[in-house]
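# How does the following fold in three dimensions:
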Amino acid sequence: MTTAVKWALAYLALINTATFLVYGADKRRARRHQWRVPEKTLFLLPLLGGSVGAILGMNTFRHKTKHWYFRWGLPAILIVQVALAGLAVWYFKFR
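As a prediction, this is how the structure comes out:
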């Protein structure tokens, strides 16, 4: 495994863990009627690579599950990211 792949996997682990924790913290804040994490941030983190963490956080904490744009948007982001990763692997493998 190359150094670049190791760094990419470490980044994905970090961003997904952070995203999962942000979704949990926002749910906790919602229950306590406290300041909330903006929805822009809840979409930006998955776009930066934390889509798995967002989906797991959404399902684990039952957070934002009634909003269609989260229910359909997060899986759509994940599908695009997996497709782009597959294209990148294919390109660099058969280049």
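
# Kindly list the longest helix within this structure.
Ranked by residue count, the top helix of the chain under DSSP state H comes out as helix 3-31.

# buried stuff in that one?
12, 15-16, 19-20, 22-23, 25-27 (16 or more other Cβ atoms under 10 Å). From N, CA and C alone the C-beta is placed, and that goes for glycine too.

# so what secondary structure elements neighbour it?
helix 39-45, helix 51-60 (3 or more Cβ pairs under 8 Å, 6 or more residues apart in numbering; DSSP states H and E).

# Find the one among those with the highest mean neighbour count.
Counting by mean count of other Cβ atoms under 10 Å, helix 51-60 has the highest mean neighbour count of the helices and strands packed on helix 3-31, with a mean of 21.

# Let me see the residues that make contact with that one.
Outside helix 51-60, the residues that touch it by Cβ atoms under 8 Å, 6 or more residues apart in numbering are 15-24, 42, 45-46, 63-65, 70, 74-75, 77-78, 81.

# Report the distance from that helix to the chain centre.
Relative to the chain's own centre, helix 51-60 is displaced by 7 Å; criterion: Cα atoms, centre = their mean, to the nearest Å.
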